[in-house]
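Asks: Quick one, what's the 3D model for this:
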Amino acid sequence: MKGRGPWSGTVVLLASWTVLALGLGLVRERFISYAVVPLALATALVVRAVAARLPPGVAPRARGAGVLAGLLVSAGPALPALRHATRIELGFGAADRIALLSWLGTQPLSPRRPAVMGMWADGHDIQWFARRPVIATPFGSDIDARSLAGEVAFITEPDPAVARAVLDERQVGLLLLRGPGYDIAQLGELSPRPERWSIERRSISTGRTFELSEGLLDLVVNRLYYLDGGSRDRAPVLADYRLVAESANLDGPPGAGVARYKLFEVVDGAIVEVPGLAPGVSAQCSTRITTNTGRAFGWVQSATAGADGTARFRVPYATGPNGAVRAEPYAVEAPGWRGTVSIPADALAGARVVVTAPRR
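Replies: Residues are numbered from 1 along each chain as shown. All right, here's what the predicted structure looks like:
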């Protein structure tokens with residue numbers, strides 16, 4: 001390339017390319033990387049021009065060393081980042097996500113429900129580290145033109161029956177969940193529902209902000225991630241899902257954070273029956289769950305005895321191991337009744353378990 005002074009066509013082209021990439025970077029950060037190529041070429045041209053102006057008496061070896069030194073000085077500020085490049089590319093929470101998915105890859109695959117539904121950005125990691133089929137990936141439509149439709153329908157759905165139908169249609173057996181707020185806002189416009197549960201706003205003065213609706217925490221995905229299937233208003237507990245593992249690190253302030261990632265399995269559950277009650281009597285079935293991180297929480301379900309005097313509960317946890325999580329025997333209580341029942345793992349496919357508890 002023969003230059004025509006500092007404003008040669010090559011320099012103008014590189015300068016324009018860099019300015020455009022940096023301008024796009026103000027709109028979306030990922031475009032800043034597009035400036036790497038023109039900046040690298042511009043740096044090489046500058047070093048080459050400086051080397052060409054060295055005194056004629058400088059030995060070729062010294063001239064080459066000077067060029068190399070110039071390039072190293074130019075690239076120096078970026079060198080410390082090389083050792084973190086892979087982690088940066090994988091994004092926030094990568095260590096927790098990879099550890100959870102690597103564990104999942106060692107677990108048996110359900111032929112009836114082989115798919116994993118995670119947030120679209122985690123799709124490739126699920127495929128690579130867990131070796132499982134997914135519903136959506138960062139490529140958007142690589143699986144199917146409707147790849148994102150299943151995820152969007154699930155994360156914006158407050159009705160447990162509709163949410164379960166979405167998973168059944170796509171043979172989803174596992175849910176990899178992280179804080180879903182950003183995805184709800186980002187994908188909300190694609191939702192089949194008219195409501196917008198979360199709206200993202202961006203401006204130079206305020207940065208990124210979110211407008212949240214009153215019913216946001218009632219979405220099934222938020223009840224799972226934040227409440228482990230419970231509810232904030234005494235709605236029936238979600239009995240279609242059992243937590244099987246969670247990541248060690250938390251999102252949020254110390255003492256109030258939630259695991260960065262939670263892995264739930266979709267199950268039919270066991271039917272626990274408590275006979276011999278007066279019709280209309282209220283009963284309760286509960287257990288204590290301890291996760292692989294040592295966190296403990298209670299799982300409680302209430303039911304009313306029908307006309308036949310039997311209270312029925314659908315429970316998603318087996319007694320003992322549930323993946324990397326453990327559940328204690330269920331305590332069953334009703335007026336005049338108090339007892340415990342253990343649920344074998346194979347009962348979670350919809351088996352019926354009758355409680356024969358002594359009267360108290």
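Asks: any idea where the helices of the chain begin and end?
Replies: With DSSP state H as the criterion, the chain has helices at 9-27, 36-52, 60-75, 85-90, 94-104, 123-125, 147-155, 160-169, 181-187, 220-227.
Asks: what bits of the stretch 51-200 of the chain have low per-residue confidence?
Replies: 57-58, 63, 67, 70-71, 74-92 (pLDDT under 70).
Asks: hmm, try it at 50
Replies: 85-88 (pLDDT under 50).
Asks: Mean neighbour count and distance to Thr287 added to the helices of the chain, as CSV?
Replies: For glycine as for every other residue, the C-beta is placed from the backbone atoms N, C-alpha and C. As requested, the helices of the chain are exported to CSV (neighbours: other Cβ atoms under 10 Å; distance: least, Cβ to Cβ, whole Å):
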stretch, mean neighbour count, distance to Thr287
helix 9-27, 14, 50
helix 36-52, 14, 54
helix 60-75, 12, 58
helix 85-90, 10, 36
helix 94-104, 19, 23
helix 123-125, 21, 32
helix 147-155, 22, 26
helix 160-169, 16, 20
helix 181-187, 19, 29
helix 220-227, 21, 16
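Asks: closest to Leu263 out of these?
Replies: For Leu263, the closest of the helices of the chain is helix 94-104, at 5.8 Å, according to Cβ to Cβ.
Asks: which other residues reach the closest one?
Replies: Contacts with helix 94-104, where a contact means Cβ atoms under 8 Å, 6 or more residues apart in numbering, come from 87, 90, 116, 122, 125-126, 129-130, 132, 174, 176, 178, 245-249, 259-261, 263, 324.
Asks: and these, which of them are in strands?
Replies: Val116, Leu174, Leu176, Ala245, Glu246, Ala259, Leu263 (DSSP state E).
Asks: Would you check how far apart the spatially closest residue to the last one that is not a sequence neighbour and Trp197 are?
Replies: In space, and not counting its chain neighbours, Leu263 is closest to Ala245: 4.5 Å by Cβ to Cβ, 6 or more residues apart in numbering. Computed as Cβ to Cβ, to the nearest Å, the Ala245 to Trp197 distance reads 27 Å.
Asks: Check Val237 too.
Replies: Following Cβ to Cβ, the distance that separates Val237 from Trp197 is 21 Å.
Asks: ok, Gly280 - how many residues close by?
Replies: 10 (other Cβ atoms under 10 Å).
Asks: Look up phi and psi at it.
Replies: Gly280 adopts backbone torsions of phi 90, psi -10, taken as degrees, to the nearest 10.
Asks: Touching, it and Ala305? I think so.
Replies: Yes. In this structure, Gly280 is within contact of Ala305 by Cβ atoms under 8 Å, at 6.3 Å.
Asks: can you list the domains in the chain?
Replies: 9-89, 93-266, 269-360 (automatic domain parsing).
Asks: List the contacts of Asp183.
Replies: Met119, Trp120, Ala121, Glu151, Ile155 are the contacts of Asp183 under Cβ under 8 Å, 6+ apart.
Asks: Mind putting the residues you listed into JSON lines with distance to Gln107?
Replies: As requested, those are exported to JSON lines (distance: Cβ to Cβ, whole Å):
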{"residue": "Met119", "distance to Gln107": "20"}
{"residue": "Trp120", "distance to Gln107": "23"}
{"residue": "Ala121", "distance to Gln107": "23"}
{"residue": "Glu151", "distance to Gln107": "22"}
{"residue": "Ile155", "distance to Gln107": "24"}
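Asks: Selecting buried members of the contacts of helix 94-104 in PyMOL, what would you type?
Replies: A single PyMOL command selects the buried members of the contacts of helix 94-104 (16 or more other Cβ atoms under 10 Å):
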select buried, resi 116+122+125+126+129+130+132+174+176+178+245+246+247+259+260+261+263+324
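Asks: how near is Pro335 to Ala307?
Replies: 17 Å.
Asks: of the two, who's got more company?
Replies: Pro335 (12 against 7).
Asks: pretty sure that one contacts Val281?
Replies: Yes. Look at Pro335 against Val281 with Cβ under 8 Å: they come within range, at 5.7 Å.
Asks: for the closest residue to Thr137 other than its chain neighbours, what are its contacts?
Replies: Nearest-residue entry for Thr137: Gly123, 3.1 Å, with adjacent residues in sequence omitted and distances by Cβ to Cβ, 6+ apart. Contact partners of Gly123, counting by Cβ under 8 Å, 6+ apart, are Val134, Ile135, Ala136, Thr137, Pro138, Phe139.
Asks: so can I have TSV of those showing neighbour count and distance to Leu190?
Replies: Formatted as TSV, the contacts of Gly123 follow (neighbours: other Cβ atoms under 10 Å; distance: Cβ to Cβ, whole Å):
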residue	neighbour count	distance to Leu190
Val134	22	17
Ile135	25	14
Ala136	26	11
Thr137	20	16
Pro138	11	15
Phe139	11	16
